[in-house]
Structure formats: structure tokens, C-alpha cells
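Student: Compute the structure for the input listed below.
(one chain, ligands or ions: 1)
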Amino acid sequence: MAPDLKKSIDELIASNKVVVFMKGTRQFPMCGFSNTVVQILNVMDVPYQTVNILEDDAIRSGMKEYSQWPTFPQVYINGDFFGGCDIMMEAYQSGELKEQLEIALNS
Ligand SMILES: N[C@@H](CCC(=O)N[C@@H](CS)C(=O)NCC(=O)O)C(=O)O
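Tutor: Here you go, the predicted model:
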């Protein structure tokens, strides 16, 4: 992956507690999985940054390599890859997501 792209992803993730690499935007998700993640984060009422991977093929392919994860959405919390839609849903239902977000937002 291009060093410049890696650097900009590193910086984005380091400077935002929650980042969602998704299809579409938080206002207009372009995929049901991305929409689910947006709805979960909206319910949790936390600040989050989104990146529309449909706008840039280099980010779309680059994020699969960067995260070692083949699909979108990809959610980063406190600088670490957290998961996709299924993991977010499970963590939301179990209460783990609330815990992780509290840790991230209070650190
Ligand atoms: N089980 C996945 C569902 C996500 C998924 O299957 N995403 C597909 C369709 S939106 C995807 O990103 N495919 C790769 C691509 O479009 O580049 C999850 O938990 O996030």
C-alpha cells in the first residue's frame, strides 16, 4: 500500500476516537450493513467520523489490506480495528460496545 495513503489513514484513526469506513455517508448510507453501523452509533450518541470508500478506489482496496478485513463497514475505536457490522451488532447487544466507547471517549 502507498506510504502516503497509509500515513493519512494512520493520522485519521489517531485523531478520531471512532472512525467508520463505509459505503456512503452517515446521512446517506449506500449499503444496509453500513446503515446498521450508523444507526447503532447514532443510538449510542457518540461523535464519529466517516469515510465514504465508494469515492476512492485506492481507499477501498487499501483499507482491506490495512485492516486485513475484506468487507465494509470497518469500524475503528480508539485507534484499533473493532469490526464490521456483525461484530458491532453483537457488541451493541452484549453491552461491550458501550463499555469500549466509554473507555475510548474517556481516554
Ligand atoms: N458480514 C459483514 C457484512 C459486510 C459485507 O458483506 N460487505 C460487503 C458488501 S457491502 C463488502 O463490503 N464487500 C466488499 C466490497 O464491496 O468491496 C459485516 O459484518 O460487516
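
Student: who touches whichever residue of the chain sits closest to the ligand in this structure?
Tutor: Among the residues of the chain, G84 lies closest to the ligand, at 2.5 Å counting by CB to the nearest ligand atom. For the C-beta atoms, the positions are set from N, CA and C on the backbone; glycine is no exception. If you count contacts by CB atoms under 8 Å, 6 or more residues apart in numbering, G84 has them with F33, V37, W69, T71, F72, P73, Q74, V75.

Student: Need the mean per-residue confidence for stretch 79-91.
Tutor: When pLDDT is averaged along stretch 79-91, the result is 98.

Student: in that stretch, what counts as buried?
Tutor: Residues of stretch 79-91 classed as buried: F81, F82, G83, G84, C85, I87, M88, M89, A91 (neighbour count, 16 or more other CB atoms under 10 Å).

Student: how far out from the middle of the chain is that stretch?
Tutor: Centroid separation between stretch 79-91 and its chain, computed with CA atoms, centre = their mean, to the nearest Å, is 8 Å.
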